[in-house]
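*Asks:* this one's structure only:
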């Protein structure tokens, strides 16, 4: 069975299989918009496939994403102060104050935004896709080539 994007947005129930082994896909939820659902999705594992924890479109039209497992690694091992700061990371990627290019790897970008303090979100770009490397609070912007400013 070929299921298209429009099928998933149709507002109908899609049934896969036959009883007693059937899956019902409910394609509409009262009180939620498609945008609300898409923006609040979380990433996990489905067999060998990754499903995303969050994905954010940057001013460069690059979709930066991360997995739940990798986010947990960042907030438990690398940068504990980032725990519960997913919204800051998303906003820093989507609406940064400044963006710098790494001096070491030209495909790595440092996104900065000031909230209660300055935050840096580091992402690697590969074409129109990207992945989160790390995120942390900082007192100053690192040296490098500024390539974008709000």
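*Replies:* Nice, I can see it. As the structure is a computational prediction, the values presented were derived from the model and not from experiment.
*Asks:* what about the chain, any weak spots by pLDDT?
*Replies:* In the predicted model, the chain carries pLDDT under 70 at residues 1, 5, 8-9, 28-46, 49-52.
*Asks:* try 80 this time
*Replies:* Within the chain, the ranges that satisfy pLDDT under 80 run 1-13, 20, 24-53.
*Asks:* Closest to the centroid, which residue in it?
*Replies:* Residue closest to the average C-alpha location in the chain (Cα atoms, centre = their mean): residue 55, at 2.3 Å.
*Asks:* from what I can see that residue touches residue 64, true?
*Replies:* Yes - at 7.1 Å, residue 55 counts as touching residue 64 under the criterion of Cβ atoms under 8 Å. Yep, even glycine has a C-beta here, placed from its N, CA and C like the rest.
*Asks:* Now do whichever strand or helix holds residue 22: everything it contacts.
*Replies:* Per DSSP states H and E: residue 22 is located in strand 21-26. For strand 21-26, contacts defined as Cβ atoms under 8 Å, 6 or more residues apart in numbering pick out 8, 13, 14, 15, 16, 17.
*Asks:* The third one - how many residues pack around it?
*Replies:* The one in question is residue 14. Applying other Cβ atoms under 10 Å, we find 14 residues neighbouring residue 14.
*Asks:* Name the residues that touch the longest helix along the chain?
*Replies:* Longest helix in the chain, counting residues (DSSP state H): helix 86-94. By Cβ under 8 Å, 6+ apart, the list of residues contacting helix 86-94 from outside reads 54, 56-59, 64, 71, 82, 111-113, 115, 119-121, 123, 132, 135.
*Asks:* Could you identify the buried members of those residues?
*Replies:* The neighbour-count test (16 or more other Cβ atoms under 10 Å) marks 54, 56, 58, 64, 71, 82, 111-113, 119-121, 123, 132, 135 as buried among these.
*Asks:* Sitting in strands, which of these do you find?
*Replies:* Taking DSSP state E as the definition of strands, the buried ones among the contacts of helix 86-94 contribute 54, 56, 64, 111, 112, 113, 119, 120, 121, 123, 132, 135.
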